[in-house]
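*Asks:* Test case, fold it:
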Amino acid sequence: MEAHEAEHLARFDKLLTERRVRPTALAPVWRLAGFALGAGTALLGDKAAHACTEAVETVIEAHYAGQVAELAALEPDLARELEQFRQEELAHRDLAVEEGAREAPGYALLSAVIRTGCRAAIKISEKL
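*Replies:* This is a model prediction of the structure:
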């Protein structure tokens, strides 16, 4: 998973530079929040960490799906690349489920809070 995520980040950084797009002003906040979320759920145990992964990947996959649909006619090569990233996120989500994500204490609440936070971060980032 880490290798995929590093590849995705590097590719998006390159796209931002090539297209002269300013990244969200909140990128440092999201990096810190992501680290805290990962560390915090890891402290709750393996299953909670997997629940976090499942929740995050579920939101990210849906976000990618929207981007792929939007770009399919305009930029088919980029859409194909994002579809590959989406498939990798689905694989991460499925692995987290296999590893016991849904057995985490307080799974329903934990997952709902994380998914809501991720969706909010995406919406805010689209504005800032």
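*Asks:* how distant is stretch 30-44 from the center of its chain?
*Replies:* 13 Å (C-alpha atoms, centre = their mean, to the nearest Å).
*Asks:* Ok, stretch 63-73 next?
*Replies:* 15 Å.
*Asks:* Could I get the buried residue list for that stretch?
*Replies:* For stretch 63-73, a neighbour-count test (16 or more other C-beta atoms under 10 Å) marks H63, Y64, Q67, V68, L71 as buried. (C-beta placed from N, C-alpha, C; glycine too.)
*Asks:* which element is the third one on?
*Replies:* Put plainly, it is Q67. Under the criterion of DSSP states H and E, Q67 resides in helix 46-71.
*Asks:* Against which helices or strands is whichever helix or strand comes after that helix packed?
*Replies:* Note on helix 46-71: by DSSP H and E, the next helix or strand toward the C-terminus is helix 76-98. Packed against helix 76-98 by the contact rule (3 or more C-beta pairs under 8 Å, 6 or more residues apart in numbering; DSSP states H and E) you find helix 2-18, helix 46-71.
*Asks:* Okay, the residue nearest the centre of the chain and F85: tell me how far apart.
*Replies:* The centroid of the chain falls nearest to I60 when counting by C-alpha atoms, centre = their mean (3.8 Å). According to C-beta to C-beta, to the nearest Å, I60 and F85 sit 9 Å apart.
*Asks:* If you count contacts, what does the helix holding Q67 end up packed against?
*Replies:* helix 27-43, helix 76-98, helix 107-127.
*Asks:* And those helices: which comes nearest E2?
*Replies:* Of all the helices and strands packed on helix 46-71, it is helix 76-98 that lies closest to E2, at 10.0 Å by C-beta to C-beta.
*Asks:* model confidence over the closest one, on average?
*Replies:* What helix 76-98 shows for mean pLDDT is 96.
*Asks:* Going by neighbour count, list what's buried in that helix.
*Replies:* Applying 16+ other C-beta under 10 Å to helix 76-98 flags 79, 81-83, 85-86, 88-90, 92-93, 96-97 as buried.
*Asks:* Rounded mean pLDDT for stretch 119-128, please.
*Replies:* Here the average pLDDT along stretch 119-128 is 94.
*Asks:* TSV please, covering the buried residues of helix 76-98 and showing distance to G106.
*Replies:* Shown next, in TSV, are the buried residues of helix 76-98 (distance: C-beta to C-beta, whole Å):
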residue	distance to G106
A79	37
E81	36
L82	33
E83	33
F85	30
R86	28
E88	28
E89	24
L90	24
H92	21
R93	19
A96	16
V97	16
